[in-house]
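> Got a predicted structure here, sequence first:
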Amino acid sequence: RSKGGAQRILISGSADTGLLAVVVQAMQRAGQLAQIVIVDRCKTPLLQCRDYAGVLGLSVELHNGDIRELEIDPVDVVIAHSFLLFFPEPDRQQVINAWARVTRPGATVLLFSSISPDEHTHPMRLDRQSIPGRAASLASAAMGRGWQEGEREEIETDVARFWNESTSIAKTPHTTAQNLRRGLELAGFRVLQVTPPVPESSTNGPLGVNATLTDNRAELIAVRI
């Protein structure tokens, strides 16, 4: 990073508008602006970020595609949330290598990630018995938001299938503190922190609404050498 602070910040996987909101808040607290770059393979969150940035009067640089194929001017910070756990090896290493490729020496990676106790323990403990009731509740909420009664059964079916298949999304080897550190060091980063862990807890995200985390969630900080 330059002495004046980060000039370009890359959000790797947008988490809807969540990470953009975090970055904006951080810039406000620091009293300085930076160019925000967002990459996501899904167009919908990019459009959300575009509209949110428009409301805030910010200019954002949007890229729709695979982070591993990203070609941009170098950035000073990479920030990601629950991102690497969706990539099995060797794809995960390819993502980390891409971060190294688009960062300047001295750039910082800030990653909030689930870390499993070992590579073969899934990060979520699925409560399958709760799925039918939760799916019915979600469908009822959709009816109250303007969906048609004839769509209720389809919603319940699709939601239940999504939750039941959610454990197939995060593939082995699962992310651990050890393999994250090793992957970043191989790509030319110096890992400063893979702590403090957040102990086992419930989660209400789209995948984890019917599960609890069996692993820890940790903050990772690494610097490009």
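Structure's in. What do you need?
> how close does the most centrally placed residue in the chain sit to Gly18?
In the chain, the centroid-proximal residue (C-alpha atoms, centre = their mean) is His81; its distance is 3.2 Å. As judged by C-beta to C-beta, to the nearest Å, His81 and Gly18 stand 7 Å apart. Just so you know, the C-beta spots here come from the backbone N, C-alpha and C atoms, and that holds for glycine as well.
> show me what contacts the residue nearest to the centre of the chain?
13, 15, 18-19, 111-113 (C-beta atoms under 8 Å, 6 or more residues apart in numbering).
> how about a cut-off of 7 Å?
Counting by C-beta atoms under 7 Å, 6 or more residues apart in numbering, His81 makes contact with 15, 19, 112.
> Inside helices: which ones of those residues?
Leu19 (DSSP state H).
> Restricted to buried residues, select the contacts of His81 in ChimeraX.
Those of the contacts of His81 that count as buried under 16 or more other C-beta atoms under 10 Å are selected in ChimeraX with:
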select :15,19,112
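> Gly133: which of the contacts of His81 is nearest?
Ala15 (27.0 Å; C-beta to C-beta).
> ok so, going back, what's the closest of the contacts of His81 to Ile169?
Nearest to Ile169 among the contacts of His81, with distances taken as C-beta to C-beta, is Ala15, at 15.1 Å.
> how close does that closest one sit to Ala80?
9 Å.
> Tell me where this protein has strands.
8-12, 35-40, 60-64, 75-81, 103-115, 124-126, 189-194, 211-213, 216-224 (DSSP state E).
> For this structure, which segments count as helices?
Under DSSP H, the chain gives helices at 18-30, 43-56, 91-101, 131-144, 152-164, 177-186.
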